[in-house]
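# when you get a sec, could you give me coordinates for this:
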Amino acid sequence: VLGFVLTLVVGPRLISTDAAHNAMPLYFARPFTRNEYVLGKLTVLVVLLSAITWVPLVFLFATQAYFAGGAWLADHLRIGAGVLVGSWIWLLTMALAALAISASVKRAATAGIGLFGLFFILAAFGQILSGAIGFRWGDMLNLPRAHEARGTALLGMTPPEMTELPLPAAWLAVLGFWGICLWVLARKVRAYEIVK
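Numbers count the residues shown, from 1 in each chain. Predicted structure coming up:
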């Protein structure tokens, strides 16, 4: 939740401010590619979100392993790997969503509303599909629930009763979402905007 709040505060301004002030031609007039531009903006979010996601969790795991000994580490290595991989998946999901929405609009406030709506309205729509209509795959639209299904599997736990989403569908949901975000970034991050 704290990661989402941080993304909501920082993410919407990253590209929308440059687009609103027509700074893209200035950036791309230098030996600077679109990929480098997007990677630089992504790095800002990754560094900030790392400080509150995987870094403290890995530190906690390493501290426990230090005090419990090598036998505990060998028995619980899957937990450490699951925490690290799960944190990075969620971190990249939030960061790519923020950048895609920020690139799509020119106002940071609109991008913030769009990011909030993406996670909550899309999740509510997925719940409606799953619950009211009985469409089992509706949870694919609920990114937090799909993340929960992946996270419990990475940690070697059984998913909660309310998560009926199979693990392959959860992975498909996140990979499809990443693909959509990257497609939006490829279309929107350009030096010039052509108006018809």
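# which residues touch the residue most central in space within the chain?
What sits nearest the mean C-alpha location of the chain, by Cα atoms, centre = their mean, is residue 93, with 1.5 Å. Contacts for residue 93 (Cβ atoms under 8 Å, 6 or more residues apart in numbering) come out as 143, 147, 174, 177, 178. C-beta coordinates here come from the backbone N, C-alpha and C atoms, glycine included.
# per-residue pLDDT, it?
Per-residue pLDDT puts residue 93 at 91.
# cool, residue 129 as well?
pLDDT, the model's per-residue confidence, is 76 for residue 129.
# ok, now residue 126?
Residue 126 is assigned 77 on the pLDDT scale.
# list the contacts for it?
Residue 126 neighbours (Cβ under 8 Å, 6+ apart): 138, 139, 140, 141, 142, 145.
# and the strand or helix carrying it, how far out from the chain's middle?
Here residue 126 sits within helix 108-131, counting by DSSP states H and E. Taking Cα atoms, centre = their mean, to the nearest Å, one finds the center of helix 108-131 at 14 Å from the center of the full chain.
# before we move on, the earlier item: can you flag which of the contacts of residue 126 belong to strands?
Using DSSP state E, no member of the contacts of residue 126 sits in strands.
# give me the buried positions along the helix holding residue 126.
108, 111, 112, 114, 115, 118, 119, 123, 126, 127, 129, 130 (16 or more other Cβ atoms under 10 Å).
# and the last one, how far is that from residue 179?
Read that as residue 130. Separation of residue 130 from residue 179 (Cβ to Cβ, to the nearest Å): 22 Å.
# residue 128 contacts residue 138, doesn't it?
Yes: between residue 128 and residue 138 there is a contact at 7.1 Å, judged by Cβ atoms under 8 Å.
# tally up the residues packed near residue 9, please.
Applying other Cβ atoms under 10 Å, we find 13 residues neighbouring residue 9.
# got phi/psi on it?
phi -80, psi -40 (degrees, to the nearest 10).
# which residues touch it?
Counting by Cβ under 8 Å, 6+ apart, residue 9 has no contacts.
# what are the buried residues along the longest helix seen in the chain?
As assigned by DSSP state H, the longest helix anywhere in the chain is helix 77-104. Neighbour-count burial for helix 77-104 flags 79-80, 82-84, 86-87, 89-104 (criterion: 16+ other Cβ under 10 Å).
# what is the mean pLDDT for the host helix or strand of residue 66?
Element membership for residue 66, per DSSP H and E: helix 54-68. Model confidence over helix 54-68 averages 92 on the pLDDT scale.
# give me the angle between it and helix 77-104.
170 degrees (axes from the mean of the first three to the mean of the last three Cα atoms, to 10 degrees).
# restricting to C-alpha, output helix 54-68 in PDB.
Backbone C-alpha positions of helix 54-68 (Å, rounded to 0.1, in the frame of the first residue of the first chain) are rendered in PDB as follows:
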ATOM      1  CA  TRP A  54      12.400  -5.500  -1.400                       C
ATOM      2  CA  VAL A  55      15.300  -3.800   0.400                       C
ATOM      3  CA  PRO A  56      13.800  -3.900   3.900                       C
ATOM      4  CA  LEU A  57      12.400  -7.300   3.300                       C
ATOM      5  CA  VAL A  58      15.700  -8.800   2.100                       C
ATOM      6  CA  PHE A  59      17.400  -7.100   5.100                       C
ATOM      7  CA  LEU A  60      14.900  -8.700   7.500                       C
ATOM      8  CA  PHE A  61      15.400 -12.100   5.800                       C
ATOM      9  CA  ALA A  62      19.200 -11.700   6.000                       C
ATOM     10  CA  THR A  63      19.000 -10.700   9.700                       C
ATOM     11  CA  GLN A  64      16.900 -13.700  10.500                       C
ATOM     12  CA  ALA A  65      19.300 -16.000   8.500                       C
ATOM     13  CA  TYR A  66      22.300 -14.500  10.400                       C
ATOM     14  CA  PHE A  67      20.800 -15.100  13.800                       C
ATOM     15  CA  ALA A  68      19.200 -18.500  13.000                       C
END
